[in-house]
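Asker: Provided below for reference: sequence and predicted model.
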Amino acid sequence: MTQKRRIIKNDKCHLRWCQEAGAHAVHRQYLTSFLTDEGRAVGVNVVQSGDRPRAVELTMLPRRGRGQTVVFQLTEAEAVAKGMRAGIRLARPR
């Protein structure tokens with residue numbers, strides 16, 4: 001059964017930007033999440049595991065079944081963002 005309790009100072013991560021509580025191997029800051037028209041939940045996070053540099057994580061959760069997570073290094077995330085902006089420009093009605 002899930003316990004509901006207030007997060008205390010000892011539960012907080014030592015990295016100020018990390019929003020995970022308790023013991024965790026991956027540090028994570030939640031940036032945004034939304035539902036698509038198809039009912040999928042999509043989330044964008046900043047993540048860091050161990051001494052690795054920070055990266056951008058994209059999570060996709062369908063209504064049923066397993067979710068997918070993709071971690072992009074910064075240059076890869078920039079390429080995805082550039083492609084998304086180009087797609088938005090082309091998809092807009094003229």
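Answerer: Yes, it's here. Numbers count the residues shown, from 1 in each chain.
Asker: Show me the beta-bridge partners of the residue nearest the centre of the chain.
Answerer: In the chain, the residue lying closest to the centroid (C-alpha atoms, centre = their mean) is residue 45, at 2.5 Å. Beta bridges link residue 45 to residue 30, residue 57 when assigned by DSSP bridges.
Asker: Also residue 21?
Answerer: Beta-bridge partners of residue 21, counted by DSSP bridges, are residue 12.
Asker: could you measure it against residue 13, distance?
Answerer: Counting by C-beta to C-beta, to the nearest Å, the separation of residue 21 from residue 13 is 7 Å. Placement of C-beta: from N, CA and C, glycine included.
Asker: got it, and residue 92?
Answerer: Computed with C-beta to C-beta, the distance linking residue 92 and residue 13 is 40 Å.
Asker: Who has more neighbours out of these two?
Answerer: When residue 92 and residue 13 are compared on other C-beta atoms under 10 Å, the one with more neighbours turns out to be residue 13, at 16 against 7.
Asker: What sits closest to that one if chain neighbours are left out?
Answerer: In space, not counting the residues next to it along the chain, residue 13 is nearest to residue 20; the distance is 5.5 Å by C-beta to C-beta, 6 or more residues apart in numbering.
Asker: Nothing else from me, thank you.
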